[in-house]
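**Student:** Below is the sequence, then the predicted model.
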Amino acid sequence: MAKASALSAWHQLSAHFEDMRHVHMRHLFAEDPDRFPRFTVQAGDLFLDYSKNRLTESTRNLLVSLAREAGVREKRDALFAGSRINVTEDRAVLHPALRHAPGEAYLVDGEDVTRDVDGELEKMAVFVDAVRQGQWTGYTGKPVHNVVNLGIGGSDLGPRMVCQALRPYGHERLKVHFVSNVDGTHLQTTLEGLDPETTLFIVASKSFTTQETLVNAASARRWLVDHYGDHAAVAHHFVALSTNTEAVREFGIATQNMFAFWDWVGGRYSLWSAIGLSIALFIGMERFHDLLHGAQRMDRHFRQAPLAGNMPVIMALLGIWYTDFFGAGTQAVLPYDQSLSLLPRYLQQLDMESNGKRVTVDGEVVEYSTGPIVWGEAGTDGQHAFYQLIHQGTHLVPCDFIAPARSHHGWDDHHQILLANFLAQPEALMVGRTVAEAQSQLEAQGLAAERAAELALHKTFPGNIPSNALIFEQLTPVTLGALIALYEHKVFVQGAIWNINSFDQMGVELGKQLAKTILPELTGAAPLQDHDASTTGLLTRLQRLRASKRS
Ligand SMILES: O=P(O)(O)OC[C@H]1O[C@H](O)[C@H](O)[C@@H](O)[C@@H]1O
């Protein structure tokens, strides 16, 4: 498969970009009364309006040609067929199997994996029901009140984001906590106020070798054993989620307290697997199945809808349009729903760990930009922090605005204000305000013409800033499942077009290796190695500072 920039649609898009770069969306809207229906798409409960993008029918056609030429459909089918598309690790990528429809088969090496998936879901269901009903108890027979998930990256961000998003569905007795950072502050502040006798720890780690998680798990185990004075308590307060049975056993967690998943589930795609245990404990197994069901519906849409009417494909193509042709380096995610405030962080891992790559699957260095920097914040907080830059700064920031029509809380007046802002911001970003408009508004406010002219440029908004708007009725488990799967597939399509492997993460390794070398040097257990002068200087200075504090 060729590099994206070698495809003929890419060249056509480059030429088309010259026609489009100065076209203002104001004019596109003025010219075409059907722009809204023309550039909207429904997938299950989700509705996407992408009309406020710098595109015409011709742009869409060319982008769809790019997807076709890059083999997006074939690559998608290869994913769903269980091919080893994670070529650098020689693995299948089959998270859709985790949310398969009844009777549907997903094959890895000719074996249908859905039987194992269902078996593990059943095991989870028994455990979840027992904990929720208070039958699964701690060492002294007390029901669980607090669940602490110890995991990082894909073993943390998904469950954490979903538990926050679905809080209205949460169990009244159970509180769920997430400790990810190896910084002891995270563990310390989480354990404060928890009763060891009513606390259940979930050690979540696909590899079960991740330093942060194992250190947090060992400290949590010490906290528990110190309380009871009996190591036997561990079996009553610890469960593990992993693919590494041996390491789980070594840690001291019995196999019956381990929930398994498989190497064809990528960490950042794993919330649908046993890694979602904290979600299932919090919202119950039935609702967990609803979450899976929402994702399954998005999978079906992704597999069946034509490219031009395919929500994840469209979002992916628009992203490529801005990243590679307009030179936008970032993508903002702006949920107008406080319960989705962790979505940008979750998507940072999903997108940046998947598509932050510079080498194609064929081993060539790309000469185009790949995955964008993903960032964002829940509305309206972001408006009072960084929207200034999006409106008037020098960077082009494509934005995804996301909002439910109804909230779960009873403060509907708040939600109406929130929605008014959700509508106003994309409108302002798109329409902008010309110098002439700014000047006449200032004059209308009573400013002298001269002063109005001085200020007009400061009050001008270029507009023409692209945004997607995603809306749905209410944030339910089904809707959230679909929303997450939408972004998973978007990221997949972009990786497919850039011809990179979205499913490894080799860029996280070097720093980890160096940290392992540095730790014994820092503690004095090993002599200083040959580092650069800056690292050595900092290390010795930190050692001195630590020693001076102790004395
Ligand atoms: O689940 P684990 O094996 O502990 O891995 C946790 C995380 O580790 C690394 O940071 C990887 O880059 C992530 O993709 C992974 O999710």
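**Tutor:** Done, it's in.

**Student:** Going by C-alpha atoms from here, please, whenever you check contacts or count neighbours.
**Tutor:** Noted.

**Student:** What residues of stretch 284-301 count as buried?
**Tutor:** Of the residues in stretch 284-301, 284-285, 287-299, 301 count as buried by neighbour count, 16 or more other C-alpha atoms under 10 Å.

**Student:** where's that stretch relative to the chain centroid, distance-wise?
**Tutor:** Its chain's average C-alpha position is 17 Å from that of stretch 284-301, according to C-alpha atoms, centre = their mean, to the nearest Å.

**Student:** Not counting it itself, show me its contacts.
**Tutor:** Contacts with stretch 284-301, where a contact means C-alpha atoms under 8 Å, 6 or more residues apart in numbering, come from 43-44, 96, 98-101, 125, 128-129, 132, 170-171, 272, 279-280, 310, 477-486.

**Student:** Apply 6 Å and report the result again.
**Tutor:** 99, 125, 280, 477-479, 481-482, 485 (C-alpha atoms under 6 Å, 6 or more residues apart in numbering).

**Student:** Tell me the one among those residues nearest to the ligand.
**Tutor:** Among the contacts of stretch 284-301, residue 485 lies closest to the ligand (C-alpha to the nearest ligand atom), at 17.1 Å.

**Student:** that's a helix at that closest one, yeah?
**Tutor:** Yes. Counting by DSSP: H, G, I helix; E, B strand; the rest coil, residue 485 falls inside a helix.

**Student:** so residue 333 is in which element?
**Tutor:** strand 330-335 (DSSP states H and E).

**Student:** Does anything pack onto that strand? Which helices or strands?
**Tutor:** Here strand 330-335 touches strand 373-376, strand 399-404, going by 3 or more C-alpha pairs under 6 Å, 6 or more residues apart in numbering; DSSP states H and E.

**Student:** Point out the most buried one among those.
**Tutor:** strand 399-404 (a mean of 22; mean count of other C-alpha atoms under 10 Å).

**Student:** Could you quantify the relative orientation of that strand and strand 330-335 as an angle?
**Tutor:** In terms of direction (axes from the mean of the first three to the mean of the last three C-alpha atoms, to 10 degrees), strand 399-404 departs from strand 330-335 by 10 degrees.

**Student:** Let me know the next secondary structure element after strand 399-404.
**Tutor:** helix 412-431.

**Student:** for the protein, which spans come out with low pLDDT?
**Tutor:** 549-551 (pLDDT under 70).

**Student:** switch the cut-off to 80
**Tutor:** Within the chain, the stretches with pLDDT under 80 are 1, 549-551.

**Student:** Check whether the helix or strand following the strand holding residue 333 comes near the ligand.
**Tutor:** Per DSSP H and E, the first helix or strand lying C-terminal to strand 330-335 is helix 343-347. No. Remark: helix 343-347 sits outside contact range of the ligand, by C-alpha under 6 Å from any ligand atom, the gap being at least 11.0 Å.

**Student:** how far is helix 343-347 from where the chain is centred?
**Tutor:** So, by C-alpha atoms, centre = their mean, the centroid of helix 343-347 is 4 Å from its chain's centroid.

**Student:** if we can go back for a sec, between the strand holding residue 333 and helix 412-431, how big is the angle?
**Tutor:** Using the same axes, to 10 degrees: strand 330-335 against helix 412-431 is 160 degrees.

**Student:** on that earlier part again, list, out of the buried residues of stretch 284-301, those positioned next to the ligand.
**Tutor:** Answer for those near the ligand: none qualify (C-alpha under 6 Å from any ligand atom).

**Student:** Next step: those residues restricted to helices.
**Tutor:** With DSSP state H as the criterion, helices contain 285, 287-299, 301 from among the buried residues of stretch 284-301.

**Student:** Give me the contacts around the strand holding residue 333.
**Tutor:** Applying C-alpha under 6 Å, 6+ apart, the contact partners of strand 330-335 are 344, 372-379, 398-402.

**Student:** List the strands paired with it, with their directions.
**Tutor:** strand 373-376 (parallel), strand 399-404 (parallel) (DSSP bridges).

**Student:** Out of the ones you listed, flag the one nearest the ligand.
**Tutor:** strand 373-376 (16.2 Å).

**Student:** what's in contact with the closest one?
**Tutor:** 330-334, 344, 348.

**Student:** Now do that strand: distance to the chain's middle.
**Tutor:** With C-alpha atoms, centre = their mean, you get 10 Å for strand 373-376.

**Student:** same thing with stretch 495-511?
**Tutor:** 15 Å.

**Student:** Let me know the closest of the contacts of stretch 284-301 to residue 254.
**Tutor:** The shortest approach to residue 254 among those belongs to residue 125, at 18.1 Å (C-alpha to C-alpha).
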